[in-house]
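J.: whatever this is, show me its structure:
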Amino acid sequence: MAGYSHYHRCIETPPTAEQLLEINEALTKELEKERALRQHLEWKLRQLLAKHFGPSSEKVHPDQRELFGEAVQAVVAEETAASSEPEKSESPGAGQEREKEKEKPKQKRKGKRMSFPNAMREEIIEISVPEEQRVCPVTGIERKFVRWEETIKYKWVPGHFVRLIIRRAVHAVPASAGAELCPEPIVTAEMPPAYRIIPGAIAACSLLVHLIVSKYCDHIPFYRTEQIFRRRYGVVLERQTMCHWMKRTCPYLLELYQALHYELRQGSYLQMDETWVRLMDPDTKGKTKKSFFWVIKRPGHGVLFWFDAGRSHQVADEVLGDFSGNLQTDGYGAYMTLSRKNPGLTLFGCWSHVRRKFYEAIDANGPDAGWYMMEIQRLYRVETEAREVQMSAEARSALRLQKSQPILTSIKARLDADRDRASILPSSPLGKAIEYTLSRWNALARYADSGNGEVEIDNNWVENAIRPTAIGKKNWLFIGHPNAGQQSAILYTIIENCRLNDIDPVEYLEDVLPRIQDHPKARVCELLPRQWKAAREQRAA
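T.: Predicted coordinates:
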């Protein structure tokens, strides 16, 4: 009996109903956390699958999630099999032979850097000395025709090369007529501007323009252009020569670039973004490092690219210069640092980036993320309504106060409530989207405040301007030198402004490059794409 009593005392008292409810609630919360963690890990797996095999579009395709599971397993199996294969053995003397090969001095490449076939269409251009220069203004003695000064240039006509034989007349005062009395006894007809963009080079303006447009508009790297010229036309023109020509052409366009930079900063509203590009590291041979194109856009006026190896707020400050006003950017922290240090800047956020965050959370937190997506879509419907009737900035501001502000209030309330929900992990896609939005809320909601009708809801306009560089860098892979990076920024700026103003860049450059040589520097802004088009339309009218 004594043992039984001891056993009976060891049995715990059964929990009460209240304790069971508390235990059940705790276990339920723990289960919700475990489910959220599992969903987060499943989402990570789907992201990896989508990164390697899926499309880059933001359209939702729920039926396509598991299409590539077997493909991933097959790739892993192939890599495993490849890594398990024994390495091929080499002969004992193979290493010594390789060392000898390394010690051999590299032979210089032989061959012509530039050659054109003899059988090529030719054009002869004869340039006479103007009548007023045929008589010496000091002595009044007539300068007689002596000979033709011939220069060979090559121009590009769509589909083929043309050899230009430019014959410039040479006039001189005869020795018997008192040539020693004339301060300028010999006069040669001036070379037309289209053929003297690069003094001494054989490239006419049309060939230089073709190279610029091919690389910076059509995204064809110079090494492919070199192959095309050799294969189709029998022309040997090395890419080193093309790069040199771009370097010699850029100083003319630099004047336009600087004038545009000044014009953009005179407004009260700019959009800004940056994109990375590979730069050949000058300190480490054969290695590349990240550098950046910074881009600013003033809606309705133009866009400008700026190259720099860094991505700090000091670079953004350099690009903006003395600008003060409304600056719209993505959520990159450098802009927030810049706005704190520069009281003249008012920072605006980008709802397109917010929408992207919630889109990425749909797979893991479908219903909650879907609610945010629908509310953001309602904000964009307001913008569409204003754009369709081409509202003024004042009218759009009033429309936003009426329709957008209540939506923003609803989104903010839901964000504050969802941040404290136990079922939404901070590390989950939805938790990160919520934190991203709340940390930038003031900048995001500011566009709907009174008086901000000129500011867009997102930064998409400047991002659309960046897209051509994304296509280009997939083809030419990297920039060879920091100086070439800024040259690329200048040329991208000119090409993109032509695109924004619906201008054929070939027509524009073939007209502006010859003219800018003698154009007054104080009026260089007249040759910017937007003003150039307006002047042509005015003359046509």
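J.: wait, Ala445 sits on Leu408?
T.: Yes. Assessed by CB atoms under 8 Å, Ala445 is found in contact with Leu408 at 5.2 Å. For the C-beta atoms, the positions are set from N, CA and C on the backbone; glycine is no exception.
J.: any shared contact partners between those two?
T.: Counting by CB atoms under 8 Å, 6 or more residues apart in numbering, Ala445 and Leu408 have no shared contacts at all.
J.: any idea how the protein splits into domains?
T.: Following automatic domain parsing, one finds the domains of the chain at 116-191, 241-347+461-540, 351-458.
J.: make a markdown table out of those and add mean neighbour count, mean pLDDT and distance to Ile23.
T.: What follows is the domains of the chain, written out as a markdown table (neighbours: other CB atoms under 10 Å; pLDDT from 0 to 100; distance: least, CB to CB, whole Å):
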| stretch | mean neighbour count | mean pLDDT | distance to Ile23 |
| --- | --- | --- | --- |
| domain 116-191 | 14 | 89 | 81 |
| domain 241-347+461-540 | 17 | 88 | 43 |
| domain 351-458 | 17 | 92 | 17 |
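J.: among these, which comes closest to Leu211?
T.: domain 241-347+461-540 (5.5 Å; CB to CB).
J.: and the closest one, end to end?
T.: 39 Å (CA to CA, to the nearest Å).
J.: biggest helix in the chain, by residue count?
T.: When the chain is parsed with DSSP state H, its longest helix is helix 17-53.
J.: sort out which residues of it are buried, please.
T.: For helix 17-53, a neighbour-count test (16 or more other CB atoms under 10 Å) marks Ala36, Gln39, His40, Trp43, Arg46, Leu49, Ala50 as buried.
J.: do I have it right that the first one meets Pro426?
T.: No. At 10.3 Å, Ala36 does not count as touching Pro426 under the criterion of CB under 8 Å.
J.: dump the C-alpha coordinates for the helix or strand hosting Leu491 into PDB.
T.: Using DSSP states H and E, Leu491 falls within helix 482-500. Written as PDB, here are the backbone C-alpha positions of helix 482-500 (Å, rounded to 0.1, in the frame of the first residue of the first chain):
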ATOM      1  CA  PRO A 482      37.200  54.600 -67.400                       C
ATOM      2  CA  ASN A 483      37.600  57.300 -70.100                       C
ATOM      3  CA  ALA A 484      35.700  55.100 -72.500                       C
ATOM      4  CA  GLY A 485      33.000  54.900 -69.900                       C
ATOM      5  CA  GLN A 486      32.400  58.600 -70.000                       C
ATOM      6  CA  GLN A 487      32.500  58.600 -73.800                       C
ATOM      7  CA  SER A 488      29.800  55.900 -73.800                       C
ATOM      8  CA  ALA A 489      27.700  58.100 -71.400                       C
ATOM      9  CA  ILE A 490      28.000  61.000 -73.900                       C
ATOM     10  CA  LEU A 491      27.000  58.900 -76.900                       C
ATOM     11  CA  TYR A 492      24.200  57.100 -75.000                       C
ATOM     12  CA  THR A 493      22.900  60.600 -74.000                       C
ATOM     13  CA  ILE A 494      22.700  61.800 -77.600                       C
ATOM     14  CA  ILE A 495      21.100  58.600 -78.900                       C
ATOM     15  CA  GLU A 496      18.500  58.400 -76.100                       C
ATOM     16  CA  ASN A 497      17.500  62.000 -76.500                       C
ATOM     17  CA  CYS A 498      16.900  61.300 -80.200                       C
ATOM     18  CA  ARG A 499      14.700  58.400 -79.300                       C
ATOM     19  CA  LEU A 500      12.700  60.400 -76.800                       C
END
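J.: which of the helices or strands spans Gly310?
T.: Per DSSP H and E, there is no helix or strand for Gly310.
J.: one more: Ile411?
T.: helix 405-419.
J.: so what touches the helix or strand just after that helix?
T.: Once helix 405-419 ends, the next helix or strand along the chain (criterion: DSSP H and E) is helix 429-439. When contacts are defined by CB under 8 Å, 6+ apart, helix 429-439 is touched by residues 40, 43, 331, 353-354, 357-358, 360-361, 363-365, 368-369, 372, 411, 415-416, 418-419, 424-426, 444.
J.: now with 7 Å, please.
T.: Here helix 429-439 makes contact (CB atoms under 7 Å, 6 or more residues apart in numbering) with 43, 331, 354, 357-358, 360-361, 364-365, 368-369, 415, 418-419, 424-426, 444.
J.: what does stretch 363-370 give?
T.: Gln39, His40, Trp43, Arg46, Phe358, Ala361, Ile362, Asp418, Ile424, Ser428, Pro429, Leu430.
J.: okay, among those residues, which ones form the most distant pair?
T.: Arg46 and Asp418 (21.9 Å).
J.: who touches stretch 249-263?
T.: In contact with stretch 249-263 (CB under 7 Å, 6+ apart) are residues 197-198, 208, 301-302, 304, 487, 490-491, 493-494, 513, 516-517, 521, 524-525, 527-528.
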